[in-house]
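Participant: here's a sequence, model it:
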Amino acid sequence: MKKFIETIKNIFKIEDLRTRILNTVFFIAIYRLGSYVVLPGVDPTQLEQGAQGLFGILDTLLGGAFSHASIFALGIMPYISASIVLQLLTIAVPYFQKLQKEGESGRKKINQYTRFLTIPIVMAQSVGF
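Facilitator: Coordinates of the predicted model:
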């Protein structure tokens, strides 16, 4: 136990590690708080009653955010959807095939397109939500 405590002390002595750990804890806290902020105009008690079947599975995948009707209910799913769409486009569209073969610079460009594509997907999924 002494060695564990000493390791924790050493981690916080290194500035880069301390910054990364504190940033991670901060982002987790923001996400957890945001998962309990209810969307305006939504009655969460009605959602909890209807959280069976497909909605129950969706709620499980979202970490309970769906039954709380939170502002972070969509989670990372829109980004994953955009990533899948772009992976399929690399097979069908020659421009994306060329980008994929360019190496690191092409991968960065595809990641940028993925982030841009996430925005309309998030809008469409939020309307559906």
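
Participant: CA-only coordinates of the helix or strand hosting residue 4 in PDB, if you can.
Facilitator: According to DSSP states H and E, residue 4 maps onto helix 2-13. Written as PDB, here are the backbone C-alpha positions of helix 2-13 (Å, rounded to 0.1, in the frame of the first residue of the first chain):
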ATOM      1  CA  LYS A   2       2.900   2.300   0.700                       C
ATOM      2  CA  LYS A   3       4.300   1.800  -2.800                       C
ATOM      3  CA  PHE A   4       0.900   2.600  -4.300                       C
ATOM      4  CA  ILE A   5       0.700   5.900  -2.400                       C
ATOM      5  CA  GLU A   6       4.200   6.700  -3.300                       C
ATOM      6  CA  THR A   7       3.400   6.100  -7.000                       C
ATOM      7  CA  ILE A   8       0.400   8.400  -6.800                       C
ATOM      8  CA  LYS A   9       2.600  11.100  -5.300                       C
ATOM      9  CA  ASN A  10       5.200  10.700  -8.000                       C
ATOM     10  CA  ILE A  11       2.500  10.900 -10.700                       C
ATOM     11  CA  PHE A  12       1.300  14.300  -9.400                       C
ATOM     12  CA  LYS A  13       4.900  15.600  -9.200                       C
END
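
Participant: how much space between the most centrally placed residue in the chain and residue 115?
Facilitator: By CA atoms, centre = their mean, the mean C-alpha position of the chain lies nearest to residue 76, the distance being 2.6 Å. Going from residue 76 to residue 115 by CB to CB, to the nearest Å gives 12 Å. Heads up, the C-betas are built off the backbone N, CA and C, glycines and all.

Participant: thank you kindly, that will do.
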